[in-house]
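> structure for the following, please:
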Amino acid sequence: MDQSFDLPDSTDWVGTPLSLLAPLESSLRCQVCKDFFDNPVITSCSHTFCSLCIRRCLSTEGKCPACRSSDQELKLRRNWAVQELVDAFMTARPSVLGLARAEKERLKKGEDDTKQLAKKRKVSRVAEEETQVAEVSSQGRRTRSQRTTRTSVEALIAPQSIPEVIEDSQDDDEYIPEDGMVACPICSQKMKEEAVFTHLNVHTEEEAQPPKPAPFGSLMAPPQKDLTLGKPPDRIPAINYSILKDNSLRKKLRDLGIPEWGPKPLLQRRHTEWMNLWNANCDSKNPKSKRVLLSELDIWERTQGGHAATPSPFLSSSNVMRKDFNANEWSTNHDDDFKRLIANARKKSEAQIRSTIPGASESSSGPAQAQPQQHAEALPPNGARIENNPGSDANNTIDLSG
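The predicted structure is shown next:
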């Protein structure tokens, strides 16, 4: 596998003889970014997160991501013990994981060899049985004299094949001639007898000095001294953006040394992100320089800030979940959209009424309209005469002109 795509994960231990290390590694990872803890801090509800991750969550929602209880950035405390555990585990992880994977491959190869060897033994056993049957059938029964002769020959050859071992019981020490030199009782170094006491004083001085610890890998190496012995940087306090005007907020950004362009919502988000980066850096044993923090802010600017691609309305509508959401400003800015949606809804409603109501009215009022039409056809126009009989009787004629 290409190492550039080999991302470390707790599931790397699954399937190896050290699979029990998977939950251990999972407990050393942040629940927000799923990576190893970076400057871990503990909340008031006893949950541990990366300093930057929990600060971003609290500045957005004001709640713990694990238990959803309310919390504040002022209550966060650094967790040095977890940081030391993470550092030690990350140092030992590549070697231990390599050994676990090598052992996995060895066991797998051993199983394959065992299966292959068992198969070979089975085949050889069958072949041997067939050979024995063939020999018995070809030779027939042996005579008693042949068996006796073979037994005697084997009895003569057997003692000669066993080697005889004679132990040397002579434990005499090697003779060493005397040369007038005396051995030091501590280091066994040969010297003259009058120099022994002076040499013993040297050993006494060496024992008085504290022994230097022998490092065993990087885990037993002496801890590095904190180079940041000076005054720690001051943290950036949170501010209430609703009471600040645009010029005041721009002045604060200018004083912090970060960009001040853009509308007020963008200024607020930029100040919040810089505050989270700066305060999280204050929790680190080895703080980053301001130049590095500015580069991280530039990455945020290009991905989520003013230089980021314009999000769709569905993505931007998620801002209503923020705790500092201004409903009045939202309604004012989107008043035209609301009016357009209402007008479209009314048009659709009227069109639906036109398409459904006329058909229903014709079916319901059809008989009622047919009767007046019949009466209208029966009545003549104004000035016409209605005669009851076709005869010429003038008395039966009704004049309607009048």
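
> okay, CA-based contacts and neighbour counts for the rest of this
Noted.

> tell me how many other residues surround Ala92.
The tally of other residues near Ala92 (other C-alpha atoms under 10 Å) stands at 14.

> make that Asn281, sorry
By the criterion of other C-alpha under 10 Å, Asn281 has 21 neighbours.

> just the element for it, please.
Assessed by DSSP states H and E, Asn281 sits inside helix 264-282.

> would you mark the buried spots in that helix?
Going by neighbour count (16 or more other C-alpha atoms under 10 Å), the buried part of helix 264-282 is 264, 267-282.

> what's in contact with the next helix or strand after it?
Downstream of helix 264-282, the next assigned helix or strand under DSSP H and E is helix 290-303. Applying C-alpha atoms under 8 Å, 6 or more residues apart in numbering, the external contacts of helix 290-303 come out as Ile258, Arg270, Glu273, Trp274, Leu277, Trp278, His307, Ala308, Ala309.

> same list, those residues, but as a markdown table with pLDDT and distance to Asp35 please.
As requested, the contacts of helix 290-303 are exported to a markdown table (pLDDT from 0 to 100; distance: C-alpha to C-alpha, whole Å):
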| residue | pLDDT | distance to Asp35 |
| --- | --- | --- |
| Ile258 | 92 | 28 |
| Arg270 | 93 | 24 |
| Glu273 | 93 | 20 |
| Trp274 | 94 | 22 |
| Leu277 | 94 | 17 |
| Trp278 | 94 | 20 |
| His307 | 74 | 27 |
| Ala308 | 71 | 25 |
| Ala309 | 66 | 27 |
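
> spatially, which two of those are the most separated?
Trp278 and Ala309 (25.4 Å; C-alpha to C-alpha).

> what residues does stretch 41-51 touch?
Contacts with stretch 41-51, where a contact means C-alpha under 8 Å, 6+ apart, come from 30-32, 37-40, 64, 66, 69, 71, 75-79, 280, 283.

> how about the CA coordinates for it, as CSV?
What follows is stretch 41-51, C-alpha atoms only, in CSV (Å, rounded to 0.1, in the frame of the first residue of the first chain):
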residue,chain,number,x,y,z
VAL,A,41,-8.1,20.0,27.9
ILE,A,42,-10.7,18.7,30.2
THR,A,43,-14.2,20.2,30.5
SER,A,44,-16.3,20.8,33.7
CYS,A,45,-18.2,17.6,32.8
SER,A,46,-14.9,15.6,32.8
HIS,A,47,-14.6,15.1,29.0
THR,A,48,-11.3,15.5,27.2
PHE,A,49,-11.0,17.1,23.8
CYS,A,50,-8.4,18.9,21.7
SER,A,51,-8.1,22.5,22.9
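
> now do the same contact list for Ser284.
Listed by C-alpha under 8 Å, 6+ apart, the contact set of Ser284 reads Asn39.

> Pro40 versus that one, what's the distance?
Distance of Ser284 to Pro40, computed by C-alpha to C-alpha, to the nearest Å: 9 Å.

> hang on, the earlier thing: out of the contacts of helix 290-303, which is nearest to Ala343?
Nearest member of the contacts of helix 290-303 to Ala343, counting by C-alpha to C-alpha, is Ala309, at 30.3 Å.

> how is this protein carved up into domains?
Following automatic domain parsing, the chain resolves into domains at 3-109, 243-309.
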